[in-house]
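S.K.: dropping the sequence and predicted coords here.
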Amino acid sequence: MVGRCEVTLDQRDLDAGVLAQMYREAEEASQRFAEEEKCTVSWSRLWSIEPVPFHPQLVKMCEEAIRETAGRSHAMPSGPLHDAAEVCRAGIPTVMMFVQSLKGISHNKIEDTREEHHLRE
């Protein structure tokens, strides 16, 4: 029998209101489950980062460039602590572009990208 369990919840959305609602719903659900299982649950925030939208004109330019190169573009909201978000918060027009990592592995020493996906000058 488990005596203690710790879980980290990582929530991402572009809307702060949606994030707050998701948090409330998760906390309420955990309280209901705890009552059913006759155990306790407690919550604490490690951190909370307000979503920041990138510069709309730059996003549009990226999408157009990607469509010209690859035929189609996929929008991917990003919630991690990228330097670009802090640059954007400082009022500097900012955008991020991602390339596909082989096998979906990212932020890891074995991350790799096909040569044809690399940025060319």
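M.R.: Arrived safely.

S.K.: which of the residues in the helix or strand hosting residue 88 are buried?
M.R.: Residue 88 is part of helix 83-89, with elements assigned from DSSP states H and E. Residues 84, 85, 88 are the ones in helix 83-89 that count as buried (16 or more other CB atoms under 10 Å). Every residue, glycine included, has its C-beta placed from N, CA and C.

S.K.: again with stretch 8-19
M.R.: By neighbour count, and taking 16+ other CB under 10 Å as the criterion, the buried residues in stretch 8-19 are residue 19.

S.K.: and the contacts of it?
M.R.: Here stretch 8-19 makes contact (CB atoms under 8 Å, 6 or more residues apart in numbering) with 22, 23, 26, 46, 50, 51, 53, 77, 79.

S.K.: mind checking which of the residues you listed are buried?
M.R.: Here the buried ones among the contacts of stretch 8-19, as counted with 16+ other CB under 10 Å, turn out to be residue 51.

S.K.: need the longest helix for this protein.
M.R.: helix 16-37 (DSSP state H).
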